[in-house]
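Requesting a structural model of the entry that follows:
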Amino acid sequence: MRRAVSWLLAAFALPAQALAHTTVQGMNDFMTGALHPLLTPAHVLILLALGLCLGQHPPLRLRMPLSVFASCSAIGLALTATRWFPGVHPAALAGIALGAGALAACEKELPSSARGALFGVGALAIGSDSGVETGGAAVIVKTLLGTWLGLLIYLMNLAYYASLAAEQKKKWLRIGLRVAGSWIVAISLLVLAFALHKV
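Presented below is the predicted three-dimensional model:
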């Protein structure tokens with residue numbers, strides 16, 4: 001476990017390609033920020049995987065994972081506002097999605113502390129990888145606030161709908177959630193291989 005954490009921290013430290021906010025035509029700063037997680041494939045993968053992990057084991061318990069996710073994503077977004085944080089390497093993002101997707105594919109429920117750590121790392125990675133390229137202080141604040149609220153809304157919705165499916169007595173729905181987790185694993189492996197090939 002200690003070795004895995006060391007590798008993850010090392011991946012965070014690697015220089016990364018900047019995948020910061022870009023302006024969405026016709027949208028204000030807040031909405032541009034809110035849409036940003038949906039326009040970044042690595043962020044979508046992590047959100048999907050975390051939502052599946054959270055919703056697969058009803059009853060849905062949002063308080064602890066959501067408070068950790070909200071806090072850590074806010075910290076990550078605040079780090080981007082300092083402009084000294086280089087971003088997160090794509091391999092680290094793919095690795096987080098891969099781990100969470102594997103848990104969903106196996107339908108494995110983590111202990112509370114491990115679940116908090118997973119949601120914290122995922123939120124910190126997404127937040128740290130969501131910097132604003134240009135604009136004054138007001139633009140940056142509005143855009144990052146939109147991103148933060150968007151992340152919370154997307155995660156809650158994904159967890160809620162996954163929980164609805166998991167609560168059904170139909171076995172095929174639970175299998176469908178596991179298949180979705182395995183797709184996340186497959187896509188993450190491709191992204192990870194491509195990211196490591198470019199290093």
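
tell me the contacts of residue 129?
Neighbouring residues of residue 129 by C-beta atoms under 8 Å, 6 or more residues apart in numbering: 16, 19, 40, 42, 43, 76, 80, 87, 88, 93. In this view, the C-beta of every residue, glycine as well, is placed from N, C-alpha and C.

Could I get the phi/psi values of residue 129?
Here is the backbone geometry of residue 129 (degrees, to the nearest 10): phi -100, psi 20.

scratch that, residue 132 is what I was asking about
According to degrees, to the nearest 10, residue 132 has phi -100, psi 130.

Wait, it touches residue 139, no?
Yes - the pair residue 132 and residue 139 qualifies as a contact (C-beta atoms under 8 Å) at a distance of 7.0 Å.

which ones are touching residue 130?
20, 21, 36, 37, 40, 43, 76, 77, 80, 144, 147.

buried ones in the lengthiest helix in the chain?
If you go by DSSP state H, the chain has its longest helix at helix 137-167. Residues 139-148, 150-152, 154-156, 158-159, 162-163, 165-166 are the ones in helix 137-167 that count as buried (16 or more other C-beta atoms under 10 Å).

Could you do stretch 172-182 as well?
Neighbour counts over stretch 172-182 (16+ other C-beta under 10 Å) mark 174, 177, 180, 181 as buried.

swap in stretch 115-134?
Buried residues in stretch 115-134 (16+ other C-beta under 10 Å): 115-132.

coming back round to it: list the ones among the buried residues of stretch 172-182 that fall in helices.
174, 177, 180, 181.

Which one of those is nearest to residue 68?
Distance to residue 68, by C-beta to C-beta, is smallest for residue 181 among those, at 20.7 Å.
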